[in-house]
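> coordinates for the following, if possible.
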Amino acid sequence: MIKYTDALITDYSSISTDYMLLSRPIIYVLDDYEEYQKARGLSPENALDLLVGYHVMNISDLENAITEVYTGIDKYADARDKLLLLMHTHADGNASKRIIKNLGL
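Numbering: from 1, shown residues only. Got it, this is the predicted structure:
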């Protein structure tokens, strides 16, 4: 279903890594960041650097992020595209072909 969305609103979930393949805006709700960091921690230590998109801490931040995305502003596109190259070795849509080839089918 995510391919039908215009943007993603998420927390620390790994769905954002997969969503990067769509090259669409991501809004991270991080209002509990301090508590989460103390209770569970984040790995790697620079995890916030890997959450390329809006960092929302309150309802006002969320409203602003949604407004920008709605009006077509994608100010994190370049940074997200650079991170995509680090997170996904192959982002060409040919995963099935590679699997078939590697299995010798």
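> what ranges does this protein have for its helices?
15-19, 33-39, 47-50, 59-70, 77-87, 95-103 (DSSP state H).
> separation between the residue positioned nearest the centre of the chain and residue 67?
Residue closest to the mean C-alpha point of the chain, counted by Cα atoms, centre = their mean, is residue 16 at 3.1 Å. For residue 16, the distance to residue 67 equals 20 Å [Cβ to Cβ, to the nearest Å]. Any C-beta I mention is one placed from the backbone N, CA and C, and that applies to glycine too.
> same question for residue 15.
According to Cβ to Cβ, residue 15 stands 23 Å off from residue 67.
> neighbour count for the two, which is higher?
It is residue 15, of residue 15 and residue 67, that has more neighbours when counted by other Cβ atoms under 10 Å, with 13 against 10.
> is the residue lying closest to the more buried one once chain neighbours are set aside bridged to anything, and to what?
In space, and not counting its chain neighbours, residue 15 is closest to residue 8: 6.9 Å by Cβ to Cβ, 6 or more residues apart in numbering. Here residue 8 sits in beta bridges with residue 26, going by DSSP bridges.
> please begin residue numbering at 138 from this point
Happy to do that; since the first residue is 138 now, the last one works out to residue 145.
> any idea how many residues pack against residue 145?
Residue 145: 20 neighbours (other Cβ under 10 Å).
> now do it against residue 237, distance only.
Using Cβ to Cβ, residue 145 is found at 30 Å from residue 237.
> can you give me the offset of the helix or strand of the chain with the lowest mean pLDDT from its chain's centre?
Within the chain, no helix or strand scores below helix 170-176, which has a mean of 71 by mean pLDDT, DSSP states H and E. Relative to its chain's centre, helix 170-176 lies at 20 Å (Cα atoms, centre = their mean, to the nearest Å).
> convert that helix to PDB, retaining C-alpha atoms only.
Extracted in PDB, the C-alpha atoms of helix 170-176 (Å, rounded to 0.1, in the frame of the first residue of the first chain):
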ATOM      1  CA  TYR A 170      13.300  11.000  21.300                       C
ATOM      2  CA  GLU A 171      14.900  11.700  24.700                       C
ATOM      3  CA  GLU A 172      12.800   9.000  26.500                       C
ATOM      4  CA  TYR A 173      13.300   6.500  23.700                       C
ATOM      5  CA  GLN A 174      17.100   7.100  23.700                       C
ATOM      6  CA  LYS A 175      17.300   6.600  27.500                       C
ATOM      7  CA  ALA A 176      15.000   3.500  27.500                       C
END
